[in-house]
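[1] need a structure here:
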Amino acid sequence: MPEPVLGPDSMVKPDVPKGVLTTFTWDQSKIFPDTKRQVSVYTPANHDPKKETAVMVFQDGHSYLNLTGEFRVTTVLDNLIHAKEIPPLIAIFIDPGHKGDTKPESPWRNNNRSFEYDTLSPDYAQFLLEEILPEVSKTLRLKLTTDPEQRAICGASSGGICAWTVAWQRPDAFRKVVSSIGSFTNIRGGDAYPGMIRKTENKPIRAFFQEGINDLDNQHGSWPLGNMQMQAALKFKNYDHQFVWGHGTHNGKHAGAIFPDALRWLWRE
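    The predicted model follows:
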């Protein structure tokens, strides 16, 4: 199979104004004490800070910010917002927390990542709602929406199941989800979600999923099988959802190629 390729919506267009990216370190967490992490905030071009604005949160934020990488999210946002294909939104890119003074060679190695992302609890949602969103509002003087229909959350791998967990735990706060190569396996009990979905009253969540048929199969479980079970459960319960399957392994190539379409689907009226 040919490799997925990025389309024009993922490329810089000279006539499209660029948003602004602001980065800070967050080391004051009470929910995940003794952790440090980088947080970057994208505001659209010509943004009015007094206007209440939609929000989209990205886990493993560093992986979405590479301007020559697999996702190129800020470029995609510039293009789709300019074309009025999605609403103007503020994007918050959050790295997982790390404990200790020794900085790992990559944010992927931050030692609190699995605890924060793979745990099926309300803690990470609480972290966003009580710490990160208020800090972004205060520090950058932005008016972030409190409308759950205008809040989205996105992640890949363990960040993907984390995105689902936030909406599952707090649908009063987040109702839009994007998961790619999501870890719906038994790292910390995530393989239980399909059964939970089937047996729980529907929650007002809209979710887009990407997965590759050649994704991981290891001691935690099968990533394709876990996502198939999620797809079947969401279909059984008539959730507003979409699954897009590719032939890839555990990377962001396919998810990045379809990311503009994922955003269009997620933010449709």
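[2] mind listing the strands for the protein?
    Counting by DSSP state E, the chain has these strands, from start to end: 20-26, 35-43, 54-59, 89-94, 98-99, 151-156, 176-180, 206-212, 217-218, 221-222, 240-246.
[3] Save these as TSV, and put in mean pLDDT too.
    As requested, the strands of the chain are exported to TSV (pLDDT from 0 to 100):
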stretch	mean pLDDT
strand 20-26	98
strand 35-43	98
strand 54-59	99
strand 89-94	99
strand 98-99	96
strand 151-156	99
strand 176-180	99
strand 206-212	99
strand 217-218	99
strand 221-222	99
strand 240-246	99
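[4] May I see the ones you listed organised as CSV, with distance to A163 and mean neighbour count added?
    Using the backbone N, CA and C atoms, a C-beta is placed for each residue, glycine as well. Formatted as CSV, the strands of the chain follow (distance: least, CB to CB, whole Å; neighbours: other CB atoms under 10 Å):
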stretch, distance to A163, mean neighbour count
strand 20-26, 19, 13
strand 35-43, 16, 21
strand 54-59, 6, 24
strand 89-94, 11, 24
strand 98-99, 20, 18
strand 151-156, 4, 28
strand 176-180, 5, 27
strand 206-212, 8, 24
strand 217-218, 21, 11
strand 221-222, 19, 17
strand 240-246, 13, 17
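[5] Now render the ones you listed as JSON lines, adding distance to P134.
    Below are the strands of the chain laid out as JSON lines (distance: least, CB to CB, whole Å):
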{"stretch": "strand 20-26", "distance to P134": "11"}
{"stretch": "strand 35-43", "distance to P134": "12"}
{"stretch": "strand 54-59", "distance to P134": "12"}
{"stretch": "strand 89-94", "distance to P134": "12"}
{"stretch": "strand 98-99", "distance to P134": "22"}
{"stretch": "strand 151-156", "distance to P134": "14"}
{"stretch": "strand 176-180", "distance to P134": "20"}
{"stretch": "strand 206-212", "distance to P134": "25"}
{"stretch": "strand 217-218", "distance to P134": "38"}
{"stretch": "strand 221-222", "distance to P134": "36"}
{"stretch": "strand 240-246", "distance to P134": "29"}
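[6] I'd like to know which of these is closest to R109.
    Smallest distance to R109 across those (CB to CB): 8.2 Å, for strand 98-99.
[7] quick one: that closest one to chain centroid distance?
    21 Å (CA atoms, centre = their mean, to the nearest Å).
[8] and if you look at stretch 95-111?
    19 Å.
[9] Quick check: buried residues in that stretch?
    95-98, 107, 110 (16 or more other CB atoms under 10 Å).
[10] Then stretch 68-81?
    Buried positions in stretch 68-81, judged by neighbour count with 16+ other CB under 10 Å: 70-81.
[11] How about Y124: what's its closest non-neighbour residue?
    Closest residue to Y124 apart from its sequence neighbours, by CB to CB, 6 or more residues apart in numbering: E116 at 5.5 Å.
[12] In contact with the one you found, which residues?
    By CB atoms under 8 Å, 6 or more residues apart in numbering, the contact set of E116 is 32, 96-97, 123-124, 127, 162.
[13] What about these, which one has the most neighbours?
    C162 (31 neighbours; other CB atoms under 10 Å).
[14] from memory that one sits against L120, does it?
    No - the pair C162 / L120 is not scored as a contact, 9.9 Å apart, by CB atoms under 8 Å.
[15] Just the helices from the stretch 51-200 of the chain, written as ranges.
    Assigned by DSSP state H, counting those that start in this stretch, the helices in the stretch 51-200 of the chain fall at 61-65, 73-82, 113-118, 123-127, 133-140, 158-169, 193-199.
[16] From the rest of the structure, what touches the second one?
    Contacting residues not belonging to helix 73-82 are listed as 8-13, 16-19, 21, 42, 44-45, 58, 64-65, 67, 86-89, 91, 93, 259-260, 263-264 [CB under 8 Å, 6+ apart].
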